[in-house]
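**Q** Build the 3D model from these lines:
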Amino acid sequence: MVSAGVSLLNAFGYLGFVATFGFLFAYILVSIGAPIYLRRRGELTSTTVVMSVLSVAMLAVATVGSIVLSPATPYNYLPYVFLGLLALGVARFLYLRAKDPNVIAAIEADLVGEFSS
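**A** Just a heads-up that it's a prediction; the model follows:
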């Protein structure tokens, strides 16, 4: 970005804006996945469900607010940049799952080993 003439401070702002959507998306997925995981373990409580619903709602407000408030250019395009990057990641995952499932199995085994110890 800097070599393309974008100032260092602006480049940092643009990349931080896109990264924020990544964090919000990850937190939303965790908030949705936590009750599912706890239900499978037989540990789901009504408090967990309420907290998950509240967290998804608050994260949705932050996400939608970043888009609906129509920030100035180029910030108004950056949510679409995030969606494009997300689509590339999903496409890569689907490609690996179809062409080389051993890679996905190795990643899963590594994650299980990481969290079981």
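
**Q** who does the helix ranked longest in the chain touch, helix- and strand-wise?
**A** Under DSSP state H, the helix in the chain containing the largest number of residues is helix 8-41. When contacts are defined as 3 or more C-beta pairs under 8 Å, 6 or more residues apart in numbering; DSSP states H and E, helix 8-41 packs onto helix 46-68, helix 78-99. C-betas here are computed from N, CA, C, even on glycine.

**Q** Show me what counts as buried in that helix.
**A** Using 16 or more other C-beta atoms under 10 Å as the burial criterion, the residues of helix 8-41 that qualify are 14, 17, 18, 20, 21, 24, 27, 28, 31, 34, 35.

**Q** Identify the farthest-apart pair in these.
**A** The largest separation in the buried residues of helix 8-41, counting by C-beta to C-beta, is between 14 and 35 at 34.6 Å.

**Q** pLDDT averaged over stretch 82-98 - what is it?
**A** When pLDDT is averaged along stretch 82-98, the result is 96.

**Q** What residues sit buried inside it?
**A** Neighbour counts using 16+ other C-beta under 10 Å place residue 82 of stretch 82-98 among the buried residues.

**Q** So which residues make contact with that stretch?
**A** 18, 21, 22, 25, 103, 104 (C-beta atoms under 8 Å, 6 or more residues apart in numbering).

**Q** same deal with stretch 28-35?
**A** So stretch 28-35 is in contact with 44, 48, 49, 52, 55, 56, 59, 60, 63, going by C-beta under 8 Å, 6+ apart.

**Q** Any of those buried? List them.
**A** Buried by 16+ other C-beta under 10 Å: 44, 52, 55, 56, 59, 63, out of those.

**Q** How far does stretch 37-49 stretch from one end to the other?
**A** End-to-end distance of stretch 37-49: 12 Å, with C-alpha to C-alpha, to the nearest Å as the criterion.

**Q** okay, now the closest residue in space to residue 67 that isn't next to it in sequence: neighbour count?
**A** Ranked by C-beta to C-beta, 6 or more residues apart in numbering and with sequence neighbours excluded, the top spatial neighbour of residue 67 is residue 79, at 5.2 Å. Using other C-beta atoms under 10 Å, the number of residues around residue 79 comes to 17.
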